[in-house]
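Novice: build me a structure from this.
(one chain, ligands or ions: 1)
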Amino acid sequence: MTSLVRRLGLSLPLAALSLLPAALVAHAEEPWVSAPAGPLAREIAPVYWILFFFAVIVLAIIDGGLIFAAIRFRERPGHVAKQFHGHNMLELTWTVIPTAMVIFFSVISFQRLQFINDTRTGAQMTIQAEGRQWSWIYSYPQEERFKLKDGKYLQGAEEIHVPAGTKVRIELSATDVIHDFFVPQIGGKKDAVPGRKTELWIQADKPGVYKGQCAEFCGDGHADMLIVLYAHDEAGYSEWLRQALEVANLINDPATIRGKEVFEANACVGCHTIRGTKAAGRVGPELTKVASQPNIAGVSSLSPVNVENLKKWIANPQAHKPGTAMPLVPLSEADLDAVAKFLAVLK
Ligand code: CUA
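Specialist: Modelled structure (predicted):
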């Protein structure tokens, strides 16, 4: 009986392991294998199902046989084990069938590789995605429509925006360690490797928000290294671009760039996050869109969020909200003014 327990003990973790893909699918917001949202994912999903189907059969046969043998041939008084060596038919079977399966999997995979790896044909746009601990920075093409007032081109963090129904080439790079770009519903998955350029392509059938995740363990913040892909229709894309350019122009404006530098150089960064900047603190509230809030820090007298009220707040938080965790950060009058001007454009 002990050997039965021991054998069951081995097969149960194996059975649990085989359920892992299903668990991962259940965990995702949209089960990509049943809801692929782009041509690439549609090409890859059937391979997943075929492999999964065969894996379940193999698991059933192997574990079924194991459990059957453990029970049927367990040690019992009066039973003597039959001694024999080799079994040609069996050995042939467990060699030929797995070999045929591996060849079959290779064929259905290789058939698709050309399509999956072809990042050029029909691609209408190239976006560079740079992975770093622990976010992605997206650089939009050096085209007139992405140009900023200071002559640079639009960049963004956290969110990547693409036109729906369009093949977009993504050029990947990494600054520190290996990251991996993966938006399951759209398909494709590629490492971003320091010192090297890799690429993949993405295409979303319809407008929507598709979530992804850095898929290569890259340190403490790996789980926070999300990819949020926005696919827009034509009008939506123009509207997003208009707003993104407006904000980027404001932040990079000589009047506000100084405030951004002050913010990044002082204690502010330790507590607050502003996307697109170095500020990634988690103690205080995120300020990425602080200027679209009805007031500052929930204080109704500090409404609206404008330069004047921001200055009042930063200059003396305790006076407006006694007991607040926001400390008084000593700033010169010029720095205070610059920070307030910078925060006031974050919409
Ligand atoms: Cu970047 Cu994991």
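Novice: and for residue 293, nearest residue in space, chain neighbours not counted?
Specialist: Leaving aside its sequence neighbours, residue 293 sits nearest to residue 305 (Cβ to Cβ, 6 or more residues apart in numbering; 5.7 Å). C-beta here means a position set from N, CA and C on the backbone, and glycine is covered the same way.
Novice: is that neighbour in a helix, a strand, or coil?
Specialist: At residue 305 the chain is in coil, as set by DSSP: H, G, I helix; E, B strand; the rest coil.
Novice: then the one 3 residues further on?
Specialist: Local secondary structure at residue 308 is given as helix here, using three-state DSSP.
Novice: same question, residue 131
Specialist: strand.
Novice: what sits against it?
Specialist: 172, 173, 174, 175, 179, 180, 181, 192, 214, 218, 225 (Cβ atoms under 8 Å, 6 or more residues apart in numbering).
Novice: among those residues, name the ones in strands.
Specialist: Among the contacts of residue 131, DSSP state E puts 172, 173, 174, 179, 180, 181, 192 in strands.
Novice: in JSON lines, list these along with neighbour count, pLDDT and distance to the ligand.
Specialist: Formatted as JSON lines, the ones in strands among the contacts of residue 131 follow (neighbours: other Cβ atoms under 10 Å; pLDDT from 0 to 100; distance: Cβ to the nearest ligand atom, whole Å):
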{"residue": "172", "neighbour count": "21", "pLDDT": "95", "distance to the ligand": "11"}
{"residue": "173", "neighbour count": "20", "pLDDT": "95", "distance to the ligand": "13"}
{"residue": "174", "neighbour count": "24", "pLDDT": "94", "distance to the ligand": "8"}
{"residue": "179", "neighbour count": "31", "pLDDT": "95", "distance to the ligand": "3"}
{"residue": "180", "neighbour count": "23", "pLDDT": "95", "distance to the ligand": "7"}
{"residue": "181", "neighbour count": "26", "pLDDT": "94", "distance to the ligand": "9"}
{"residue": "192", "neighbour count": "27", "pLDDT": "95", "distance to the ligand": "8"}
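Novice: JSON lines for the contacts of residue 131, including distance to residue 241?
Specialist: Output for these, formatted as JSON lines (distance: Cβ to Cβ, whole Å):
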{"residue": "172", "distance to residue 241": "22"}
{"residue": "173", "distance to residue 241": "23"}
{"residue": "174", "distance to residue 241": "26"}
{"residue": "175", "distance to residue 241": "26"}
{"residue": "179", "distance to residue 241": "26"}
{"residue": "180", "distance to residue 241": "28"}
{"residue": "181", "distance to residue 241": "22"}
{"residue": "192", "distance to residue 241": "25"}
{"residue": "214", "distance to residue 241": "26"}
{"residue": "218", "distance to residue 241": "30"}
{"residue": "225", "distance to residue 241": "25"}
